[in-house]
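S.K.: Provide a 3D model corresponding to the input given below.
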Amino acid sequence: MEHLCLSCGEKLVGRSDKKFCNDSCRNNHHHQQNSGQINFMRNINNILRKNRAILASLNPEGKGKTKKSTLEKQGFSFKYFTHTYTTKDGRVYYFVYEYGYVQLEWDYFALVQNTDI
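M.R.: Model (predicted):
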């Protein structure tokens, strides 16, 4: 039975369980299979990096306060964060890596930085 490379279709010579004719074909095949997932993760990581940079720029002292409109003008996406922390009184802090925020009254947000990492 003749086996063909899964990437380029060339005839395989050697082991009976061989799937690719060389490393280049193996890499190309796996890249094509995973490219959709990789692009999805890359896009989310870019959003998280941008969110972190915005929080870091608005919070140089480690604690601060800002308006929601200020975050939105800079392109902050409230949909994406890395984790949450709930205090004993039930307030939920949303974190983007070490920088976090919690909504205060009206349109204001408290900004914090977790230095325990």
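S.K.: Tell me where this protein has helices.
M.R.: Secondary structure of the chain (DSSP state H): helices at 23-58, 68-73.
S.K.: In TSV: these, plus mean pLDDT.
M.R.: Putting those into TSV (pLDDT from 0 to 100) gives the following:
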stretch	mean pLDDT
helix 23-58	92
helix 68-73	97
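S.K.: got these as TSV, with mean neighbour count and distance to Leu6 columns?
M.R.: In this view, the C-beta of every residue, glycine as well, is placed from N, C-alpha and C. Shown next, in TSV, are the helices of the chain (neighbours: other Cβ atoms under 10 Å; distance: least, Cβ to Cβ, whole Å):
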stretch	mean neighbour count	distance to Leu6
helix 23-58	13	5
helix 68-73	13	47
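S.K.: Which one of the ones you listed lies nearest to Ser16?
M.R.: Taking Cβ to Cβ, helix 23-58 is the member of the helices of the chain nearest to Ser16, at 16.9 Å.
S.K.: which other helices and strands contact that closest one?
M.R.: Helices and strands touching helix 23-58, by 3 or more Cβ pairs under 8 Å, 6 or more residues apart in numbering; DSSP states H and E, are helix 68-73, strand 92-96, strand 99-103.
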